[in-house]
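> Coordinates only, no sequence provided:
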């Protein structure tokens, strides 16, 4: 283990852990940084000497070595292979993150996304050469319109938060078009953080709505805050407590009676897809995360997709481009004129994330309408199975059945000396990625668990048995092991206060090595 590595390891190995000469633990190999593996003179590739040429740098040529490490090809390959083996992924085990669905992405989706014509599609190709892609986009839009009950769909938003921006911009455009400038957006306290952030980005003042004792929007509090200056309500349904807003029809009626629009965060659409059409609930705009409901990959800042379904009053303001049925078949309308004159314009450079479209449509067509309904039913069933399995050990925040995720708080840890964070760290030692912690903020020490419909009963039982076992250990006073966890990972628990206040974000040579080099 190098000095740099030791600096990241606060807790020393426990006394009962076997020390090794290499620092490796079985096949879990200690991996130095590339800079720490510097082997001057080695290179993984040979490049020919460039021909003589006239410099265009105007005296700005580099005067010293670039500072990159010298590495052979095997060193590089082994480094990144070993790092990849330290990753936890949905292909490794259950990902119980609440509010961040991580379901299995079928390999069929990947195969289809790599088909020639889809994988090599260039966004600047003439529309005449992408008729097949336009048909796929139009088919995907049709499926989403049928599932939501909405007449229009914007496919260009690149992610869920981008979809929120799209929805709020169309609402603002619709209000402006009717000469009705409004300044307030109502947002429940349990909302995703992007909801108030998006509304603020659009220039609105944010007015929070309290939750009732059942974890849902307080209808009386909502009605009390409605007025002629309210532009919209931003609501998540099912909400971030894993509960269906059972007064949503009354909520929609009250919002519309005030002349406002009803925006719904559709991040949890996977709990109701095929079961409930958002349009029938009175919703005017809804963003859908293809990477959550329809299995396409997400996370790590990679390509996402957040289409927005729009009611008739908002449809004319949908962002460009539009895929329309013209005399010559499907056409891509990219300029605001005629039917598109009221569009809010472009949200991004092109017509969306083609790979995500292919994967999502593959998922939909594989399941069919009846299969998508079962997706929601199984997601809710799995969450409630965990709710019952964990009822004797954890403290459920709100009574009764849940939807696709179940919310617990830290009351079960009272007087044990173990915190929510300690509990999650101990779960890592058991080989599980922890559930979402400390969110939503409406309950103290939250543990939000979403098993998704793709987990088997055996997987859920193993997870539940582990949680129950850890809860028993915490109540039996095994506090020290929780405080030391994780003990079996490549790195121990950090001093989180120091890590936050004095983060080490860049590798620097050790002073002795630097002096020797000088």
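Nice, I can see it. From a predicted model like this one, the values you see are computed outputs, not experimental measurements.

> how does this protein divide into domains?
108-364, 369-490 (automatic domain parsing).

> looking at these, which is closest to residue 23?
Closest to residue 23 of these, according to C-beta to C-beta: domain 369-490, at 9.7 Å. Heads up, the C-betas are built off the backbone N, CA and C, glycines and all.

> Need the distance between the two termini of the closest one.
45 Å (C-alpha to C-alpha, to the nearest Å).

> Over to stretch 331-339?
This stretch, stretch 331-339, spans 14 Å end to end (C-alpha to C-alpha).

> swap in stretch 98-115?
The first residue of stretch 98-115 is 33 Å away from its last residue (C-alpha to C-alpha).

> what's that stretch in contact with?
Where contact means C-beta atoms under 8 Å, 6 or more residues apart in numbering, the residues beyond stretch 98-115 that reach it are 90, 95, 118-119, 192, 240, 242, 267-268, 270, 289, 292-293, 295-299, 355, 358-359, 362-363, 366, 404-407, 435-436, 439-440, 448-450, 452-454.

> What of stretch 63-82?
By C-beta under 8 Å, 6+ apart, the list of residues contacting stretch 63-82 from outside reads 29, 31, 34-35, 37-45.

> now, which of the residues you listed sits nearest residue 172?
Proximity of the contacts of stretch 63-82 to residue 172 was ranked by C-beta to C-beta; the top entry is residue 34 with 47.9 Å.

> give the contact list for the closest one.
69, 71, 76, 79.

> Relative to residue 56, which of the domains of the chain is closest?
Closest to residue 56 of the domains of the chain, according to C-beta to C-beta: domain 108-364, at 28.1 Å.

> Return the distance of that closest one from the chain's centre.
Between the centre of domain 108-364 and the centre of its host chain there is 16 Å, according to C-alpha atoms, centre = their mean, to the nearest Å.

> do stretch 486-502 as well
Its chain's C-alpha centre and that of stretch 486-502 lie 24 Å apart, by C-alpha atoms, centre = their mean.

> what do you get for stretch 354-372?
For stretch 354-372, the separation from the chain centroid amounts to 19 Å (computed by C-alpha atoms, centre = their mean).

> Same question for stretch 371-391.
On C-alpha atoms, centre = their mean, the centre of stretch 371-391 falls 20 Å from the chain's centre.

> Ok, stretch 430-441 next?
On C-alpha atoms, centre = their mean, the centre of stretch 430-441 falls 14 Å from that of its chain.

> how long is it from one end to the other?
Stretch 430-441 end-to-end distance (C-alpha to C-alpha) = 26 Å.

> Quick check: buried residues in that stretch?
Judged by neighbour count using 16 or more other C-beta atoms under 10 Å, the buried positions of stretch 430-441 are 430, 432-440.

> nearest to residue 397, of those residues?
For the buried residues of stretch 430-441, the residue nearest residue 397 by C-beta to C-beta is residue 440; the value is 9.1 Å.

> any idea how far the closest residue to residue 164 other than its chain neighbours is from residue 377?
In space, not counting the residues next to it along the chain, residue 164 is nearest to residue 198; the distance is 4.2 Å by C-beta to C-beta, 6 or more residues apart in numbering. With the distance defined as C-beta to C-beta, to the nearest Å, residue 198 ends up 31 Å from residue 377.

> same deal with residue 421?
From residue 421 over to residue 377 the distance is 34 Å, taken as C-beta to C-beta.

> Good, we can wrap up now.
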